[in-house]
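*Asks:* Predicted model, plus sequence, below.
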Amino acid sequence: MRSFSLIDFVSLFAALRWTVALVVLALAFGAPLALGLALGRISRFAGLRWAMAACIQVIQSVPLLGLLFFFYFGMPVFLGIQVPALIAVTVAYTLYTAAFLGEIWRGGLEAVKQAQWEAGACLGLSAWQQFRHIIAPQALRMSLPPTVGFLVQLIKGTSLASILGFVELARAGQVVSAATFQPLLTYALVAAIYFALCLPLTLWSRSLEARLDGSR
Amino acid sequence: MALVEIRDVHKTFGKVEVLKGVSLDVEEGEIVTIIGRSGSGKSTLLRCINALESVDSGEIRVEGQTVHARMPDLKKFRQRVGIVFQAFNLFPHLKVERNITLAPLLTGRIDKAKARALAADVLTRVGLADKIDAWPEQLSGGQQQRVAIARCLAMAPHLMLFDEVTSALDPELVGEVLKVMEAMAKQGMTMILVTHEMGFARNVANRIVFMHQGRVWEQGPPAKLFANPETPELASFIASAK
């Protein structure tokens, strides 16, 4: 046993890069997919709406841990494909992000009155122009608080990647705690780092919300 | 050739036949007011003229072009036919100027340098030049409706449709909107209005069309129609509207 030192502190911060990397990967691939799912959910084609709803339902019903296990341990068993850990976690977090954000954004899009689409159409705008300039900005403002709420969930959810061997923040906390035998101090630090990561997001979302809603 | 030609138009929603063979011509520069009880098909007819609803059978032609939801240049067509709604439908996230200039800019009608001047011009025409930098929700209902009219005018339409544009307004705000519409009528704009404002219909319209049970029941110049209704349905409608 040794005492808690600067090295432990640094190793916690070093592990933070995996936490951030996993969040960035999940958003980079998950957000475009989420937009696709959201648009599919409000499509006028019933088949597409149904298919997107089914995808979202399945992914949301499986625990994140289950998704991680499936893509890392399940793929070799079911499909005979050995998936590298990074790919497995990226796919799992991407799907998780897409399903939840997709549903949040669908709610935002549907909260904008149908008459707003109609008003745009009547001025001779294309469907894309209506979406881009009239619907999306209004939906974005309404979706912002739950989107940031999900982002905070995602940041904390990256701790599950430790199961596949990723030494991200939570796993680094475990390691440091075992080495220093100071769990209270170590986990308090880990919690403080998570907090420091999430708080600016919440503050940023509030200011963005105010800015997007310039009329009030 | 009339600007708008409507021939034997039928339209059904579910099991309800809303339009049962409507025929109507509107000449260029004419102001036609459609009156009738709720559910008589007035608003549906107006929405069909702008291809917001497609007709089941019959034909609508505007400037000689057949109108339907899948017409090849629907976007261009809609730039020529403005519609103003009961609920204004301004874009709440955009200031008045941007509400007006969004479509002209995106459709390439004007460039950025001329946008503000265009907004100022159409706002002057509806008496709201000082509101160019306001947010929609800072305006009264009457002002919002005038901005909605200005937004249509910015596209320089050949035909304007008004769908009960004063119905959602407090009584004291109705006058300001009607005044704007009257001024447009004097400038020669072709207008088709669905309205419950009998005074406006009587004083400004060239022709009144009374719709009843999905049909054009009676039509003619306001003076004649209001003084000598030919059908008992119109007589009772006029009596109830007084």
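*Replies:* Good, I have the coordinates.
*Asks:* Flag every buried residue along the lengthiest helix in chain A.
*Replies:* Longest helix in chain A, counting residues (DSSP state H): helix A:6-41. Buried residues in helix A:6-41, defined by neighbour count with 16 or more other C-beta atoms under 10 Å in any protein chain shown: A:8, A:11-12, A:15-16, A:18-19, A:21-23, A:25-27, A:29-31, A:33-35, A:37-41. In this view, the C-beta of every residue, glycine as well, is placed from N, C-alpha and C.
*Asks:* Next: stretch B:82-97.
*Replies:* Quick answer for stretch B:82-97 (16+ other C-beta under 10 Å): B:82-97.
*Asks:* What of stretch A:110-125?
*Replies:* A:112, A:116-125.
*Asks:* which of the residues you listed come close to chain B?
*Replies:* Contacts with chain B within the buried residues of stretch A:110-125, as defined by C-beta under 8 Å from any C-beta of the partner chain: A:116, A:118-125.
*Asks:* mind checking which helix or strand the nearest residue to B:Gly36 once chain neighbours are set aside is in?
*Replies:* Distances taken as C-beta to C-beta, 6 or more residues apart in numbering or on different chains put B:Met211 closest to B:Gly36, at 3.8 Å, once the chain neighbours are dropped. Using DSSP states H and E, B:Met211 maps to strand B:207-212.
*Asks:* Determine how far that strand lies from the middle of the whole chain.
*Replies:* Put simply, strand B:207-212 sits 15 Å off its chain's centre (C-alpha atoms, centre = their mean, to the nearest Å).
*Asks:* Could you tell me which strands sit next to it in the sheet, and their orientation?
*Replies:* Here strand B:207-212 is paired, per DSSP bridges, with strand B:31-35 (parallel), strand B:215-220 (antiparallel).
*Asks:* Can you name the element that comes right after the shortest one?
*Replies:* It refers to strand B:31-35. Following strand B:31-35 toward the C-terminus (DSSP H and E): helix B:42-49.
*Asks:* Residue numbers of chain B in contact with chain A?
*Replies:* Looking at chain A, the residues of chain B close enough under C-beta under 8 Å from any C-beta are B:50, B:52, B:75-79, B:82-83, B:85, B:87, B:89-93, B:102-103, B:106-107, B:135-138, B:151-152, B:155.
*Asks:* Next, give me the two most distant ones among the ones next to chain B among the buried residues of stretch A:110-125.
*Replies:* Pairwise distances across these peak at 15.2 Å for A:Gln116 and A:Gly124 (criterion: C-beta to C-beta).
*Asks:* Just the helices from chain B, written as ranges.
*Replies:* According to DSSP H, the helices that chain B contains are B:42-49, B:74-80, B:96-106, B:112-125, B:141-153, B:171-186, B:198-204, B:222-227, B:232-241.
*Asks:* returning to what we had before: okay, the strands paired with strand B:207-212 in a markdown table with mean pLDDT and mean neighbour count next?
*Replies:* Formatted as a markdown table, the strands paired with strand B:207-212 follow (pLDDT from 0 to 100; neighbours: other C-beta atoms under 10 Å in any protein chain shown):
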| stretch | mean pLDDT | mean neighbour count |
| --- | --- | --- |
| strand B:31-35 | 93 | 25 |
| strand B:215-220 | 93 | 18 |
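*Asks:* need these in a markdown table with distance to A:Arg141, can you?
*Replies:* As requested, the strands paired with strand B:207-212 are exported to a markdown table (distance: least, C-beta to C-beta, whole Å):
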| stretch | distance to A:Arg141 |
| --- | --- |
| strand B:31-35 | 38 |
| strand B:215-220 | 45 |
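*Asks:* Pull the contacting residues for B:Gly39.
*Replies:* Going by C-beta atoms under 8 Å, 6 or more residues apart in numbering or on different chains, B:Gly39 touches B:Val18.
*Asks:* what's the distance between the residue of chain B most remote from its centre and B:Asp121?
*Replies:* Distance to the chain centre peaks in chain B at B:Ala113, reaching 29.9 Å (criterion: C-alpha atoms, centre = their mean). Per C-beta to C-beta, to the nearest Å, B:Ala113 is found 14 Å from B:Asp121.
*Asks:* quick one on the thing from earlier: quick check: the farthest pair among the buried residues of stretch A:110-125?
*Replies:* Distances among these were taken as C-beta to C-beta; the most separated pair is A:Val112 and A:Gly124, at 19.5 Å.
*Asks:* And the helices in chain A?
*Replies:* A:6-41, A:46-61, A:64-69, A:75-78, A:85-111, A:114-122, A:127-130, A:136-157, A:169-180, A:183-212.
*Asks:* what does chain A have sitting close to chain B?
*Replies:* Residues of chain A lying near chain B (C-beta under 8 Å from any C-beta): A:113, A:115-116, A:118-126, A:129, A:133-134, A:137-138, A:141, A:212-216.
*Asks:* show me where pLDDT drops low in chain A?
*Replies:* Within chain A, the segments meeting pLDDT under 70 span A:1, A:213-216.
*Asks:* One more pass at 80, please.
*Replies:* Scanning chain A for pLDDT under 80 picks out A:1-2, A:209-216.
*Asks:* next one: chain B
*Replies:* Filtered on pLDDT under 80, chain B yields the residue ranges B:69, B:241-242.
*Asks:* and B:Thr190, bridged to which residues?
*Replies:* With DSSP bridges as the rule, B:Thr190 is bridged to B:Leu159.
*Asks:* That one and chain A: what is the separation?
*Replies:* For B:Thr190, the distance to chain A (C-beta to the nearest C-beta, to the nearest Å) stands at 17 Å.
*Asks:* what sits against that residue?
*Replies:* Residues in contact with B:Thr190 (C-beta under 8 Å, 6+ apart) are B:3-4, B:26-31, B:158-160.
*Asks:* distance of B:Val22 from A:Leu109?
*Replies:* In terms of C-beta to C-beta, B:Val22 sits 35 Å off from A:Leu109.
*Asks:* If you count surrounding residues, which of these two has more?
*Replies:* Neighbour count, other C-beta atoms under 10 Å in any protein chain shown: between B:Val22 and A:Leu109, B:Val22 has more, with 24 against 21.
*Asks:* Wait, that one touches B:Trp217, no?
*Replies:* No. Applying C-beta atoms under 8 Å, one finds B:Val22 not in contact with B:Trp217, separated by 10.4 Å.
*Asks:* any common contacting residues for those two?
*Replies:* With C-beta under 8 Å, 6+ apart, B:Val22 and B:Trp217 have common neighbours B:Met211.
*Asks:* From chain A, how far off is B:Phe162?
*Replies:* With C-beta to the nearest C-beta as the criterion, B:Phe162 and chain A are 12 Å apart.
*Asks:* what about that residue, neighbour count?
*Replies:* B:Phe162 sits with 26 neighbouring residues when counted by other C-beta under 10 Å.
*Asks:* Identify the residue nearest it in space, chain neighbours excluded?
*Replies:* According to C-beta to C-beta, 6+ apart, the nearest residue to B:Phe162 is B:Leu193 (4.2 Å).
*Asks:* dump the residue contacts of the one you found.
*Replies:* B:31-34, B:161-162, B:165, B:181, B:200-201, B:205.
*Asks:* ok, so of the residues you listed, who is nearest chain A?
*Replies:* B:Leu161 (9.1 Å; C-beta to the nearest C-beta).
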